[in-house]
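*Asks:* Got a predicted structure here, sequence first:
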Amino acid sequence: MFDNEIMRAYISIFIVAIITLFSACQRAKGVAEKPLSTYTPLYAKGFKIHYFADYKVVETENHRYYLTGNPSLIKEKDAVVIPVPVQNMACMAQSHWTAACILDEMERVSGICDGKYIADTVFQQRFRQGDIKNFAENQTVNYELLFSLRPQLLMLSFDNQQTNNMLKEVGIPVVLNGDFLENHPLGRAEWLIFVAAFYNKDEEAKIFFNHSVEQYETLCALTENRIERPTVFDGSESSGVWYVSGGQSYMAQFYADAGADYVWQKNVDCGSFPVDFEVVYHKGITSNFWRTYLPHAQSYTAVAAENSLYADFKAWKERRIFYCDNLRTNLYGMGVYQPEVVLADMIKIFHPDLLPEHEAVYYGFL
């Protein structure tokens, strides 16, 4: 009897010791069984953020980034560990730079791709002063220049194995930002929180984003019961092929939320897709509106000069072609994080009576 009690006591002590040892090992590895909390995006589908006591894990479909002020906590093999807040970042997309601006971290961005095309006065001033270097053109990286910037990370939109290998050799982590893959405007905007995690400004980003959500949903309420819904088509011809927005794309979502019927709304593509001009001509000729991005055609005469058949479109005849001048407006920067403003522009175009006082910011008529 007495021996049994002693045996049970020893067994209990052994179990407690094993549990204690296991917990200590877990803490030494910087790993917890469960996060204290997780941010699951409201609209974005491409990322989550798991918060632990001394670090956070930013998780995308194929990658995990460990962000911590104490990198020695993370012991996982091949883990991508990034000290935060990041002091020096290089980025390939305009939206990445703009996110840093919104978070008041522009001085911590040292490099950019295709900087001459970014229509932002603050950026261009810093660009001219040499505070931001142009280390890439048309996605072609000048690695010598990039390495000289000594960034803590390079934020990319596309997975590039050559770039990954080159940067791995010199110890610069590559972070993939998938904002452009989202098929809802608010989903794209929510990636501000992804970028903010690297600056430890998650909460500030959430406040900014939640304000956009509130404004966007308020605007949607203006059009949801609108009986009259004009039709719209988009795109332009290039080398005999016309690219249009997919029916499940963020642009198609903009059209729907702005109270318009997109002629390819039943299409299942999330990005753009090619269509023969004959098909576009058949669908677009009676459409009420046409969103174009002909880079040199900023008048109706210029549009018709591109192709005389364009003058057959109802939208051309009724002067209802709208576009965004990307060289003068920051559509692919601030426009990503202000979907409510883009939506207001489109509502003003499709239903001017609903927002009579709104002045166009990104989209307007030719």
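*Replies:* Arrived safely.

*Asks:* where's the closest residue to residue 266 other than its chain neighbours relative to residue 270, distance?
*Replies:* Ranked by Cβ to Cβ, 6 or more residues apart in numbering and with sequence neighbours excluded, the top spatial neighbour of residue 266 is residue 247, at 5.7 Å. Glycine gets a C-beta too; all of them are placed from N, C-alpha and C. Noted for residue 247: a distance of 9 Å to residue 270, by Cβ to Cβ, to the nearest Å.

*Asks:* out of these two, which sits in the busier spot?
*Replies:* Neighbour totals were compared for residue 247 and residue 270, and residue 247 leads with 21 against 16 (other Cβ atoms under 10 Å).

*Asks:* Go ahead and confirm that one touches residue 267.
*Replies:* Yes: counting by Cβ atoms under 8 Å, residue 267 is a contact partner of residue 247 at 3.2 Å.

*Asks:* Give me the below-cutoff pLDDT ranges for the stretch 201-350 of the chain.
*Replies:* 294-297 (pLDDT under 70).

*Asks:* Where do the strands of it begin and end?
*Replies:* Counting by DSSP state E, counting those that start in this stretch, the stretch 201-350 of the chain has strands at residues 231-234, 236-238, 241-245, 261-262, 272-276, 289-291, 321-323.

*Asks:* Run me through the strand neighbours of the fourth one, direction for each.
*Replies:* Going back to what we said before, that points to strand 261-262. strand 231-234 (parallel) (DSSP bridges).

*Asks:* Grab the nearest non-local neighbour of the residue most central in space within the chain.
*Replies:* Most central in the chain under Cα atoms, centre = their mean is residue 179, positioned 2.4 Å from the mean C-alpha point. Excluding the flanking residues, the one nearest residue 179 by Cβ to Cβ, 6+ apart is residue 191, at 3.7 Å.

*Asks:* Neighbours of the one you found, how many?
*Replies:* 27.

*Asks:* Tell me, what's the model's pLDDT at it?
*Replies:* You'll see residue 191 listed with a pLDDT of 98.

*Asks:* So what does it have for phi and psi?
*Replies:* phi -70, psi -10 (degrees, to the nearest 10).

*Asks:* Please enumerate the helices of the stretch 251-366 of the chain.
*Replies:* 277-284, 300-306, 314-317, 334-337, 339-350 (DSSP state H, counting those that start in this stretch).

*Asks:* Quick one: residues contacting residue 329.
*Replies:* If you count contacts by Cβ atoms under 8 Å, 6 or more residues apart in numbering, residue 329 has them with 119, 335, 361-362.

*Asks:* Domain parsing of this protein, as residue ranges.
*Replies:* 37-209, 226-365 (automatic domain parsing).

*Asks:* start to end distance for the shortest one?
*Replies:* Spelled out, that is domain 226-365. 22 Å (Cα to Cα, to the nearest Å).

*Asks:* same thing with stretch 273-280?
*Replies:* 12 Å.

*Asks:* now swap in stretch 258-266 and tell me
*Replies:* Stretch 258-266: ends 17 Å apart by Cα to Cα.

*Asks:* buried stuff in that stretch?
*Replies:* 258-260, 262-265 (16 or more other Cβ atoms under 10 Å).

*Asks:* do stretch 191-207 as well
*Replies:* Applying 16+ other Cβ under 10 Å to stretch 191-207 flags 191-199, 201-202, 204-206 as buried.

*Asks:* I figured residue 69 hits residue 84, correct?
*Replies:* Yes: if you go by Cβ under 8 Å, residue 69 and residue 84 touch, sitting 6.3 Å apart.

*Asks:* So these two - more neighbours on which side?
*Replies:* With neighbours defined as other Cβ under 10 Å, residue 69 and residue 84 compare such that residue 84 has more, 21 against 11.

*Asks:* beta partners for the closest residue to that one other than its chain neighbours?
*Replies:* Spatial nearest neighbour of residue 84, excluding adjacent residues (Cβ to Cβ, 6+ apart): residue 67 at 4.5 Å. Per DSSP bridges, the residues bridged to residue 67 are residue 56, residue 82.

*Asks:* Verify the stated contact: residue 67 with residue 79.
*Replies:* No: Residue 67 is not in contact with residue 79 according to Cβ under 8 Å; the separation is 11.0 Å.
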